[in-house]
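S.K.: generate a structure from the sequence data that follows.
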Amino acid sequence: MEEQILEYQDNVLLVGVDTQTIHRTTEDFEHSMEELKSLAEAAGKKVVGIITQKLDIPNKGLYIGTGKIHEVKEYAGECGANEIIFDNALSPSQIRNLVKELDMPISDRTNLILEIFAIRAQTREAKLQVETARLQYMLPRLVGLHESLSRQGGASGSMSNKGAGEKKLELDRRRIEHRIAELRKELEQIAGNRMTQRSKRDRSGIPQVALVGYTNAGKSTILNQMVEIYGEREEKKVLEKDMLFATLETSVRRIDTSINQPFFLVDTVGFIDKLPHGLVKAFRSTLEEVRYADLLVHVVDFSDENHKQHMEVTMETLKELEAAGIPQLVVYNKADIRGEIDIPKIVGNQIFMCAREKDSIKMLAETIQKQIYADRAEMCFLFPFDRGDAASYFMEQTTVLEKEYRPEGLWMRVSCHKGEGDKYAAYLVP
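M.R.: Here you go, the predicted model:
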């Protein structure tokens with residue numbers, strides 16, 4: 001699949017405030033600043049400098065201390081920065097005050113993530129979702145963001161690109177609210193189509209497994225390897241790249257192994273610390289695929305020293321999506337880089353593996369099947385012709401492996417939940 005190659009468009013200065021109210025430890029703050037640098041680079045920006053400050057709480061009017069303003073302005077000029085990005089979400093008043101004091105475009109972590117999503121969005125649905133989130137973010141910040149937004153663009157064909165920049169400046173509050181209403185209406189229609197597709201999968205009786213986890217943990221690599229090993233067409237692969245938010249679209253692929261226990265594998269949008277609430281809300285219809293999964297495969301980049309924090313962020317996001325109660329299988333990907341464990345290896349409900357190794361992928365597929373088919377069994381039923389209702393139920397709600405019309409009725413061999421066998425025990429046959 002074709003990859004987007006970004007050229008640096010802006011020189012940016014990053015500013016962060018280390019506070020006990022936001023960061024639990026200094027290490028957490030340092031990780032947050034490193035991640036901000038990666039986000040800026042993912043958006044095609046060149047980081048030319050970083051300034052940090054330690055405060056008990058952020059300044060209400062300027063976020064940073066009043067004495068730090070002169071240092072930031074001076075350093076921005078020295079290093080050639082033409083935009084300043086702050087590590088945390090700024091309030092509308094803070095943006096207005098900072099633009100006035102620093103006399104240059106101001107952005108924050110939230111807007112930066114939204115900008116990346118606008119660049120990455122490929123499908124109509126993703127573009128509409130990003131545009132909705134950006135307009136909701138922009139609405140209370142119109143004055144402060146005026147100059148900042150004039151420097152931004154996006155993908156062609158919708159307001160989420162030029163609309164993320166010049167066109168947004170032409171819209172007053174009423175027109176923005178009207179546009180948001182239009183977007184929501186179109187997204188509702190797309191969500192309805194998605195629900196129809198989901199219903200068809202549900203009727204097939206085939207379990208659904210969702211890949212979840214921090215951005216760039218290796219979810220798309222796992223899906224592509226499954227597709228390659230288990231026979232899907234090459235064009236069914238998704239974009240995989242060592243970059244933040246390489247995949248925005250939710251992709252569903254059917255995985256068929258040789259033991260006749262298929263499952264749908266869902267690749268989802270990666271999570272990140274301080275993922276904008278508006279973005280989660282806008283992408284909710286896409287992320288809701290997670291809520292309908294029979295099993296969540298929580299993919300963790302085991303080579304990242306901050307992987308435990310990433311796992312916590314993922315769990316918090318799953319709680320927000322009301323999906324934290326779904327059974328999970330934890331996959332410690334890139335365990336080969338650590339070199340501490342022979343891979344692939346299963347420890348309880350955890351797998352240590354490398355997504356690029358076929359043995360790891362095969363072990364993962366087998367483990368998934370054992371979990372999702374643990375309460376299932378192959379059974380044979382013979383339904384009299386006057387019990388068409390029961391036969392229809394099994395056709396729609398279970399996996400039919402074989403069927404044959406006999407003089408006594410419809411015989412079928414199915415894979416179903418053991419409880420369904422108990423419920424229709426009167427029609428069980430050897």
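
S.K.: for residue 48, give its distance to residue 35.
M.R.: Going from residue 48 to residue 35 by Cβ to Cβ, to the nearest Å gives 18 Å. C-betas here are computed from N, CA, C, even on glycine.

S.K.: show me what counts as buried in stretch 376-384.
M.R.: Using 16 or more other Cβ atoms under 10 Å as the test for burial, stretch 376-384 gives 376, 379, 381, 382, 383.

S.K.: give me the lowest-pLDDT entry from the residues you listed.
M.R.: Ranked by pLDDT, the buried residues of stretch 376-384 bottom out at residue 376, which scores 82.

S.K.: and it, what are its bridge partners?
M.R.: residue 417 (DSSP bridges).

S.K.: my guess is it contacts residue 421. True?
M.R.: No: the criterion here is Cβ atoms under 8 Å, and residue 376 misses it with residue 421 at 9.5 Å.

S.K.: centroid-nearest residue for the protein?
M.R.: The centre of the chain sits closest to residue 269, judged by Cα atoms, centre = their mean, with a distance of 1.7 Å.

S.K.: got phi/psi on that residue?
M.R.: Note on residue 269: its backbone torsions stand at phi -60, psi 140 [degrees, to the nearest 10].

S.K.: do the same with residue 93
M.R.: phi -70, psi -40.

S.K.: same question, residue 306
M.R.: According to degrees, to the nearest 10, residue 306 has phi -100, psi 20.

S.K.: where does the stretch 151-300 of the chain dip in pLDDT?
M.R.: 151-172, 198, 201-205, 231-249, 284-286 (pLDDT under 70).

S.K.: what about the strands in it?
M.R.: Remark: strands assigned in the stretch 151-300 of the chain by DSSP state E, counting those that start in this stretch are 208-213, 251-255, 263-267, 295-301.

S.K.: the last one vs strand 263-267, what angle?
M.R.: For strand 295-301 against strand 263-267, the angle by axes from the mean of the first three to the mean of the last three Cα atoms, to 10 degrees is 40 degrees.

S.K.: show me what the next helix or strand after strand 295-301 is packed against.
M.R.: Counting by DSSP states H and E, the next helix or strand C-terminal to strand 295-301 is helix 307-320. The contact analysis (3 or more Cβ pairs under 8 Å, 6 or more residues apart in numbering; DSSP states H and E) places helix 307-320 against strand 208-213, strand 295-301.

S.K.: right, and those strands - which one's nearest residue 54?
M.R.: strand 295-301 (28.7 Å; Cβ to Cβ).

S.K.: partners of that closest one, with directions?
M.R.: strand 208-213 (parallel), strand 328-333 (parallel).

S.K.: relative orientation of it and helix 307-320 in degrees?
M.R.: Using the same axes, to 10 degrees: strand 295-301 against helix 307-320 is 150 degrees.

S.K.: residues in contact with strand 295-301?
M.R.: 207-214, 216-219, 222, 290, 307, 310-311, 314, 318, 323, 326-334, 364, 368, 371-372 (Cβ atoms under 8 Å, 6 or more residues apart in numbering).

S.K.: look up the closest residue to residue 32, ignoring the ones flanking it.
M.R.: Distance criterion Cβ to Cβ, 6 or more residues apart in numbering; nearest residue to residue 32, sequence neighbours excluded, is residue 87 at 5.8 Å.

S.K.: residues contacting that neighbour?
M.R.: Applying Cβ under 8 Å, 6+ apart, the residues near residue 87 are 14, 15, 16, 17, 32, 33, 36, 108, 109.

S.K.: what does residue 137 give?
M.R.: 110, 111, 114, 276, 278.

S.K.: quick check on the residues you listed: which are buried?
M.R.: 110, 111, 114, 276, 278.

S.K.: quick one: mean pLDDT over stretch 95-109.
M.R.: Mean predicted confidence for stretch 95-109 is 92.

S.K.: just list what the strand or helix carrying residue 32 packs against, helices and strands only.
M.R.: Secondary structure assignment for residue 32, by DSSP H and E: helix 26-42. Applying 3+ Cβ pairs under 8 Å, 6+ apart, one finds that helix 26-42 makes contact with strand 10-18, strand 45-54, helix 109-120.

S.K.: quick one, the shortest one and helix 26-42 angle?
M.R.: Between the axes of strand 10-18 and helix 26-42, defined by the same axes, to 10 degrees, the angle is 160 degrees.

S.K.: do the same with the longest one
M.R.: In terms of direction (the same axes, to 10 degrees), helix 109-120 departs from helix 26-42 by 30 degrees.

S.K.: coming back round to it: need the contacts of residue 137 in a markdown table (columns: distance to residue 131).
M.R.: Formatted as a markdown table, these follow (distance: Cβ to Cβ, whole Å):
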| residue | distance to residue 131 |
| --- | --- |
| 110 | 15 |
| 111 | 14 |
| 114 | 10 |
| 276 | 14 |
| 278 | 11 |
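
S.K.: next SSE downstream of the helix or strand hosting residue 388?
M.R.: Using DSSP H and E, residue 388 falls within helix 388-397. Next helix or strand after helix 388-397 toward the C-terminus (DSSP H and E): strand 399-406.

S.K.: surely residue 371 is in contact with residue 330?
M.R.: No: applying Cβ under 8 Å, one finds residue 371 not in contact with residue 330, separated by 11.9 Å.

S.K.: let's have the helices and strands packed on helix 307-320 in JSON lines, adding distance to residue 58 and mean neighbour count.
M.R.: As requested, those are exported to JSON lines (distance: least, Cβ to Cβ, whole Å; neighbours: other Cβ atoms under 10 Å):
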{"stretch": "strand 208-213", "distance to residue 58": "30", "mean neighbour count": "25"}
{"stretch": "strand 295-301", "distance to residue 58": "30", "mean neighbour count": "23"}
